[in-house]
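# From the sequence below, what's the structure:
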Amino acid sequence: MTATPPMFQDSTFRPESFFIGQTVGGGVLRDPFFRITRRFRVETRGYRDGSYGAVKLDETYAYDTGEVDAFQWVITPAGAGRYVLAEALGPARGLAKPRFKVRMGLVGGDTVLKSVRVGLLGAPLGTVTAVHRRAFPAAGA
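Below you'll find the predicted structure:
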């Protein structure tokens with residue numbers, strides 16, 4: 001029998017707790033052939049909405065190309081350890097809206113690994129892999 005490494009002993013991930021406040025991290029974008037196309041830094045700010053136990057999340061990506069993307073999400077518990085992650089910024093522009101399949105898991109007390117598959121009209125566009133770390137205020141702040 002092997003012992004469970006300490007970092008995985010309490011691997012229950014609760015986004016409604018983890019994403020309250022600020023996280024920082026980084027990651028990569030990959031095309032459908034898994035080639036890295038861009039690297040980025042990511043920052044989130046989350047706060048409780050109050051309705052349905054939801055968390056609102058402002059997420060900003062700063063790419064190595066100088067481009068910046070901002071998203072607003074609402075994370076709502078769906079039961080059985082699952083959550084609904086919905087974009088909070090109105091209707092999609094254009095004829096088709098990208099689909100995001102998101103998986104997140106706790107890899108330490110203050111670190112989450114996120115994997116996102118992005119598709120459009122059933123065709124894969126690529127994947128996003130990111131690490132989010134809770135940002136704690138400096139002592140005395």
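# residue boundaries of the helices in the protein?
For the chain, applying DSSP state H gives helices covering 15-18.
# Bridging across strands, which residues link to the residue nearest the centre of the chain?
For the chain, the residue nearest the mean C-alpha position is residue 114 (5.5 Å; Cα atoms, centre = their mean). Counting by DSSP bridges, residue 114 forms beta bridges with residue 104, residue 130.
# Could I get the buried residue list for the helix or strand of the chain with the lowest mean pLDDT?
Between all helices and strands in the chain, the lowest mean by mean pLDDT, DSSP states H and E belongs to strand 82-87, at a mean of 83. Within strand 82-87, the residues scored as buried using 16 or more other Cβ atoms under 10 Å are 83, 85. In this view, the C-beta of every residue, glycine as well, is placed from N, C-alpha and C.
# before we move on, back to that, in this structure the residue nearest to the centre of the chain contacts residue 133, no?
No: in this structure residue 114 lies outside contact range of residue 133 using Cβ atoms under 8 Å: 11.5 Å.
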